[in-house]
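A.B. asks: mind folding the following:
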Amino acid sequence: MLWSGWGDPAKAAPLPEPMVGLLRDMLGVRPAAAPPAALAELAVAEPRLAGEDLTALAGIVGDGNVRADAESRIRHTRGKSTPDLLRIRAGETSGAPDAVVLPGSHDEVLAVLRLCAGKRIAVVPFGGGTSVVGGLAPEGVDAFIALDLRRMDRLVSVDEVSRTAVLQPGLRAPAAEALLAERGFTLGHFPQSFEWASIGGFAAARSSGQASAGYGRFDDMVVGLTVATPEGALDLGRAPKSAAGPDLRQLVLGSEGAFGVITSVTVRIRPVPAAREYEGWRFASFGEGAAALRRLAQDGPVPTVLRLSDEAETMVGLADPSAIGGGSSAGCLAVVGFEGTAEDVAARRAGAAEVLRDAGGESLGSGPGEKWEHGRFNAPYLRDSLLDVGAFVETLETAAFWSDVPKLYEAVRLALIGTLSGAGTPPLVMCHISHVYPSGASLYFTVVSAQGKDPVEHWAQAKRAANDAIVGAGATISHHHGVGTDHRDWYAREIGPLGAAVLRAVKDRVDPAGILNPGVLVPPASEE
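C.D. replies: Numbering: from 1, shown residues only. Predicted structure coming up:
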């Protein structure tokens, strides 16, 4: 992955000059003051680990699997939020780990955690490095290692009768799909981070893919977990469902490395679909389109993919990032997709079309849906190109019950527009419904503005205002990006003092030395 951006550098094409002019005229975007620092020019502080610590770690995982060179440490610095990228582009490496450790097995992970607990060395699990909420930025640590799980990248087994598969945590999503496809199966999990994210990361962050309406979220897919902690191992999931007490799998899912390191995931799999069809629909307004999506989510037939862009996002054309600026100026675009057998796809497509037309939708045919499918993973590359010309672009997401969606939409938009405009960087705020359920939906916001003199601080102010608006509207602080450090204070408000105390009690039991991703997810007592 590109150390200062997203993914394959060859895919970050320069913005067309008309688009650059539009950004300048609409938002006051000006070229960045300086190009990104070169990797070879970056300085990084000396590791804070003693030589004997590195030797002890190497004794567990092997000499070649403990790395303290500058490049390895820089490539494991923070995640891929826009503030993360702006800091690293400016040459700020203060968040670099003191070493990168690459275990090759569950037992090696256990041994590393026991060693680090005894020496009070913090441990940050590292999969694809795609966190956008401060999930890789521990707080209040003297020294820490990035526990890179890339060597644990196997498809361990497939149970074709039960339709389950056992995957190791460092297996990246494209490789997992390729290995399962050889056996005729798929996970059906395609978040925007698909190209780089890992199986362990999906579980640790409760990831939700673009086809969640049909396949479910990743936490819906997980039927078993193995977890290494400084106090020992957890082996969870003997059956698809159980009444044997609370489901401890749900305690691990979404725990972001704060309760342990996931070393194995057993997931539900499905046959590779014989047919895939995607299409576009236009609605006169965001409210009208949202009502149509609600009808499908509640009464069916439920598509595999169901998304709705608001007027601003439709106008810009963000539903197809490869053709940004070429959107329609009228109404709101919905993308509707179907996967399955040919017969099932045809039946659900016809039934959904009847509902969408009755709800005021106008069919745009397969073109918009196919363009979305072709460019579905391009938005992070577009962000790199926007940063290169001096624009600031960032996203945030939330979810609420259907009855609260309209007020949530307005509250977050007003918070972002008001805060950023007050900071002298008038923004373009766009939104789409990204995931739907019978009882509610997720809203995904994209913000574009000029970078200004201090874009990281400007965004921090705007993000605080947006988070306050989310909590005030009765919504959740995160639907699928996770908590990390960025959302922790608002997560504490969401779950209340007793909920925060329960999380601390769990952490104290599995991680009494407090070495696992310190500061991430678990609110300290002072923040109740």
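A.B. asks: contacts, neighbours, all on C-alpha from now
C.D. replies: OK.
A.B. asks: show me where the stretch 51-200 of the chain has helices.
C.D. replies: 51-61, 70-74, 82-89, 106-119, 173-181, 199-204 (DSSP state H, counting those that start in this stretch).
A.B. asks: mind listing the helices for the stretch 201-350 of the chain?
C.D. replies: Using DSSP H, counting those that start in this stretch, helices in the stretch 201-350 of the chain cover 212-215, 218-221, 249-252, 286-299, 311-316, 342-358.
A.B. asks: closest one to residue 83 among the ones you listed?
C.D. replies: helix 311-316 (22.4 Å; C-alpha to C-alpha).
A.B. asks: which strands or helices does that closest one pack on?
C.D. replies: strand 332-340, strand 428-436 (3 or more C-alpha pairs under 8 Å, 6 or more residues apart in numbering; DSSP states H and E).
A.B. asks: re the thing from before, and the helices of the stretch 51-200 of the chain: which comes nearest residue 462?
C.D. replies: helix 82-89 (12.5 Å).
A.B. asks: pLDDT averaged over that closest one, what's the number?
C.D. replies: When pLDDT is averaged over helix 82-89, the result is 95.
A.B. asks: which of the helices and strands packed on helix 311-316 is buried the deepest?
C.D. replies: When the helices and strands packed on helix 311-316 are scored by mean count of other C-alpha atoms under 10 Å, the highest mean neighbour count falls to strand 332-340 (a mean of 26).
A.B. asks: in the helix ranked longest in the chain, what's buried?
C.D. replies: Taking DSSP state H as the criterion, the chain has its longest helix at helix 488-510. Residues of helix 488-510 classed as buried: 488-494, 499-501, 503-504, 507, 510 (neighbour count, 16 or more other C-alpha atoms under 10 Å).
A.B. asks: and if you look at stretch 149-165?
C.D. replies: 149, 150, 152, 153, 154, 155, 158, 164, 165.
A.B. asks: let me have the helices of the stretch 201-350 of the chain in JSON lines, extended by mean neighbour count and distance to residue 80.
C.D. replies: Output for the helices of the stretch 201-350 of the chain, formatted as JSON lines (neighbours: other C-alpha atoms under 10 Å; distance: least, C-alpha to C-alpha, whole Å):
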{"stretch": "helix 212-215", "mean neighbour count": "22", "distance to residue 80": "23"}
{"stretch": "helix 218-221", "mean neighbour count": "20", "distance to residue 80": "20"}
{"stretch": "helix 249-252", "mean neighbour count": "18", "distance to residue 80": "23"}
{"stretch": "helix 286-299", "mean neighbour count": "20", "distance to residue 80": "30"}
{"stretch": "helix 311-316", "mean neighbour count": "22", "distance to residue 80": "22"}
{"stretch": "helix 342-358", "mean neighbour count": "16", "distance to residue 80": "36"}
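A.B. asks: which one of those helices lies nearest to residue 481?
C.D. replies: Comparing these by C-alpha to C-alpha, helix 218-221 comes nearest, at 12.3 Å.
A.B. asks: so what touches the closest one?
C.D. replies: Applying C-alpha atoms under 8 Å, 6 or more residues apart in numbering, the external contacts of helix 218-221 come out as 189, 202, 203, 206, 207, 208, 209, 253, 267, 268, 269.
A.B. asks: list the contacts for the first one?
C.D. replies: Translated: residue 189. Counting by C-alpha under 8 Å, 6+ apart, residue 189 has contacts 208, 209, 210, 211, 212, 215, 217, 218.
A.B. asks: and which of those is nearest to residue 482?
C.D. replies: Nearest to residue 482 among those is residue 208, at 10.5 Å by C-alpha to C-alpha.
A.B. asks: check contacts around the closest one.
C.D. replies: 189, 190, 191, 216, 217, 218, 480.
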